[in-house]
Each structure stands twice: as structure tokens, then as C-alpha cells.
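[1] Need coordinates for the following:
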Amino acid sequence: QVQLVESGGGLVQAGGSLRLSCAASGRTFSSYGLGWFRQAPGKEREFVATIRRNVDNTYYADSVKGRFTISRDNAKNTVYLQMNSLKPEDTAVYYCAATSYYGIRQYGHDYSYWGQGTQVTVSS
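    As a prediction, the model looks like this:
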């Protein structure tokens with residue numbers, strides 16, 4: 001069982017940066033792959049980034065590649081999403097999620113545990 005709590009969202013101007021954090025409970029954090037997803041108003045949830053369990057192998061959606069960086073600190077049971085060069089279209093509720101599957105997982109149904117979400121708003 002893993003509980004996830006996101007933080008770090010807020011209001012930022014276009015071109016600015018934010019760093020989201022997701023703190024996890026449990027002693028087996030390093031054995032989970034972690035992902036970030038987002039959902040804008042009136043849109044379906046979409047994949048943003050993922051990092052594999054135990055290794056720093058990452059994968060990004062094309063829309064954020066080169067601007068966002070996912071990382072994890074297993075000693076702190078925390079996964080991060082550094083977001084740079086933010087655009088108004090990045091506005092959404094951002095969720096972190098954990099999966100026990102191996103490999104790169106970009107689909108929400110592969111993730112068993114979800115946080116409550118944190119709002120990111122980018123003004124133009």
C-alpha cells in the first residue's frame with residue numbers, strides 16, 4: 001500500500017518554472033515506478049512523465065519533452081517534477097501515481113496508487 005501526497009502547485013506566468021513534489025508513504029518506495037499525469041478542465045487525463053523503479057530511466061510526453069524533468073529521491077520517498085518554460089496549455093491538475101509494473105508505463109490503468117492532485121495554473 002502506498003499513499004501519495006502532491007505539493008508545489010500554484011499560479012505562475014508563462015515562461016516561469018515550478019517544481020512539484022510527491023511524498024510517498026511506505027517502506028518499499030524504490031520498488032515502484034512513478035508517474036505524473038495531468039487533467040485540464042473538460043479534457044481527459046493525460047500522461048506527462050514517468051521514472052522506472054530502482055533506475056533513473058525516464059520517459060516523457062512529447063508535449064513536455066525538453067521542458068519538464070522527473071526525478072526521484074528514494075531516501076526521501078519523494079518524486080519530483082521540475083517544470084520549466086511553462087505555457088498556458090500546461091494548466092491542469094497534476095497527479096502523481098505509483099505502479100508495481102516493470103518498465104516504462106504511460107497509461108493510467110497501469111498505476112494502482114494516486115495522489116489527490118495539485119493545481120498548476122499558467123497565465124499568459
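
[2] How about the residue nearest the centre of the chain: what's its closest non-neighbour residue?
    Geometric centre of the chain, nearest residue: Trp36, 2.3 Å, by C-alpha atoms, centre = their mean. In this structure, Trp36 finds its nearest non-sequential neighbour in Val48, 4.3 Å apart by C-beta to C-beta, 6 or more residues apart in numbering. The C-beta positions use only the backbone N, C-alpha and C, and glycine is treated the same way.

[3] hmm, who's touching the helix or strand encompassing that neighbour?
    Applying DSSP states H and E as the criterion places Val48 in strand 46-51. Residues outside strand 46-51 that contact it (C-beta atoms under 8 Å, 6 or more residues apart in numbering) are 33-39, 57-61, 64, 68-72, 79, 81, 94, 104-108.

[4] which residues of this protein fall in strands?
    Taking DSSP state E as the test, the strands found in the chain are 4-7, 10-13, 18-24, 33-39, 46-51, 58-60, 68-73, 78-83, 92-99, 113-114, 118-123.

[5] Any chance of those in TSV with mean pLDDT as columns?
    Listed next are the strands of the chain as TSV, based on pLDDT from 0 to 100:
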stretch	mean pLDDT
strand 4-7	97
strand 10-13	98
strand 18-24	97
strand 33-39	97
strand 46-51	97
strand 58-60	96
strand 68-73	96
strand 78-83	97
strand 92-99	97
strand 113-114	96
strand 118-123	98
